[in-house]
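# Sequence plus predicted model, see below.
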Amino acid sequence: MKTPELENDTVKQTVRERYGRIAVDGGSCGCAPTCCSPKEATTKDGHVAAAVSQGLGYSADETGAVPEGSNLGLGCGNPQAIAALKPGETVLDLGSGAGFDTFLAARAVGPTGRVIGVDMTPEMVSKARKNKTSGGYENGEFRIGEIESLPVADATVDVIISNCVINLSPDKSRVFREALRVLKPGGRLAVSDIVALAPIPEELRKDWELYTGCVTGASLVDDLKAMLKAAGFANIRIVRKGESREIIGGWFPGRKAEDYVASASIEAVKPATLR
């Protein structure tokens, strides 16, 4: 019988392998998988990933402002829209992938700010670093690490962003505790992620394709709120995006994933003084 630690390691390894393949092959088959999206959903220049991202709330200016290959169409929303980033801030991007949101954040915080991308997939970090060099982003960096054990010092970050990544973690409570640790007092969490609308049937939970595709690892909203509160966060706000139903339905046609999960914005604040 597997221990919880071995089960968690199996989840992480499966996720790491899938997204490693995506980084190397250049495809997008994870959250908001462009390979599963309608072929007609392309921008005028044929970039499917850009069209998918624009459907999730990014502007054409944002999708066109990053280096080629950094947007893999793997998100489920736009954390930039709720992060309200300011010049000079330090931002941490959880599960930074090939660098799409990291680069947009770097643009928002400007030369006096700093953005750190953390991803557990070496192939993704390598791809992001190449994109950083090609884009000339002096205020951004990428680190290999797990979001349950962040390679970031205590109380050094103003804002944490993430896009469709925390649902993949087998230990979300630990992710939120780590997020609180690295945030400065008064720092904020601004995440786009997948949440469960109802308990997900066991037969679907056993499907690795649905798990690594950001569906069956999702937690119920009330459970997420409880985890955030237990970690020490305040001003917790989770807002479901009703328009995500059609998008999620296209990820795994015929599997009815849209009946069980939805995209949502998740916001919370680290209190200025912790009791």
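Alright, I've got the coordinates. Numbers count the residues shown, from 1 in each chain.
# I'd like to know how far residue 183 sits from residue 264.
Applying CB to CB, to the nearest Å, the value for residue 183 to residue 264 is 20 Å. In this view, the C-beta of every residue, glycine as well, is placed from N, C-alpha and C.
# same question, residue 54
19 Å.
# Which one of those two is surrounded by more residues?
Neighbour comparison, residue 54 and residue 264: the larger count goes to residue 264, with 23 against 18 (by other CB atoms under 10 Å).
# Is the more buried one located within a strand, as I assumed?
Yes: Residue 264 sits within a strand when classified using DSSP: H, G, I helix; E, B strand; the rest coil.
# Go ahead and confirm it touches residue 218.
No: with the criterion set as CB atoms under 8 Å, residue 264 and residue 218 do not qualify as a contacting pair; they are 9.4 Å apart.
# Show me the common contact partners of the two, please.
Residues touching both residue 264 and residue 218 comprise 193-195, with contact defined as CB atoms under 8 Å, 6 or more residues apart in numbering.
# Go ahead and list the helix or strand containing residue 188.
Counting by DSSP states H and E, the secondary-structure element that holds residue 188 is strand 183-196.
# Who are the packing partners of that strand?
Secondary structure elements in contact with strand 183-196, counted by 3 or more CB pairs under 8 Å, 6 or more residues apart in numbering; DSSP states H and E, are helix 80-83, strand 157-163, helix 221-231, strand 261-269.
# if you set the cut-off to 7 Å instead, what comes out?
If contacts are counted by 3 or more CB pairs under 7 Å, 6 or more residues apart in numbering; DSSP states H and E, strand 183-196 sits against strand 157-163, strand 261-269.
# Can you say which of those is packed in most?
Neighbour counts averaged per stretch over the helices and strands packed on strand 183-196 are highest for strand 157-163, at a mean of 25; criterion: mean count of other CB atoms under 10 Å.
# Quick one: work out the angle between it and strand 261-269.
Using axes from the mean of the first three to the mean of the last three CA atoms, to 10 degrees, the interaxial angle of strand 157-163 with respect to strand 261-269 works out to 180 degrees.
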